[in-house]
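> Structural data only, the sequence is not supplied:
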């Protein structure tokens, strides 16, 4: 990913997280926070900017991605109309 997009993507997710924090929508906010931390962390590992404890940081980043996925599925489930 290009250099500008590496800053734009997390900034967009953090902006959404701030919006949902102000709206007191905690699940949505935690979804966007986990994504905005995970992707830059993965990019930093790939670019070689993180050189120590790579296994820990890689596991941590993918744990955040899995948490974001589970939160996304939970939000879809909660927003589905009930008949």
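That came in fine, so what should we check first? Remember, predicted model here, so these are calculated numbers, not experimental data.
> Going by C-alpha atoms from here, please, whenever you check contacts or count neighbours.
Will do.
> got a pLDDT number for the most centrally placed residue in the chain?
Central residue of the chain (CA atoms, centre = their mean): residue 35, 0.5 Å from the mean position. At residue 35, the model reports a pLDDT of 93.
> now for the helix or strand encompassing it, which elements pack on it?
Residue 35 is part of helix 26-47 when elements are defined by DSSP states H and E. Where contact means 3 or more CA pairs under 8 Å, 6 or more residues apart in numbering; DSSP states H and E, helix 26-47 is packed against helix 3-22, helix 54-79.
> residues of the lowest-mean-pLDDT helix or strand in the chain that come out buried?
The helix or strand of the chain with the poorest confidence is helix 3-22; it has a mean of 88 (mean pLDDT, DSSP states H and E). Buried residues in helix 3-22, counted by 16 or more other CA atoms under 10 Å: 10, 13-17, 20.
> swap in stretch 24-41?
Going by 16+ other CA under 10 Å, stretch 24-41 has these buried residues: 27-41.
> contacting residues around the helix holding residue 35?
Contact partners of helix 26-47, identified using CA atoms under 8 Å, 6 or more residues apart in numbering, comprise 6, 9-11, 13-14, 16-21, 50-51, 54, 57-58, 61-62, 64-65, 67-68, 71-72, 75.
> and with 7 Å instead?
Helix 26-47 is touched from outside by 6, 10, 13-14, 16-17, 20-21, 50, 58, 61, 64-65, 68, 71-72, with contacts defined as CA atoms under 7 Å, 6 or more residues apart in numbering.
> quick one: that helix to helix 3-22, angle?
Computed by axes from the mean of the first three to the mean of the last three CA atoms, to 10 degrees, the angle separating helix 26-47 from helix 3-22 equals 160 degrees.
> ok now helix 26-47, how far from the chain's centre?
Helix 26-47 sits 3 Å away from the centroid of its parent chain (CA atoms, centre = their mean, to the nearest Å).
> Over to stretch 48-65?
That offset, for stretch 48-65, works out to 14 Å (CA atoms, centre = their mean).
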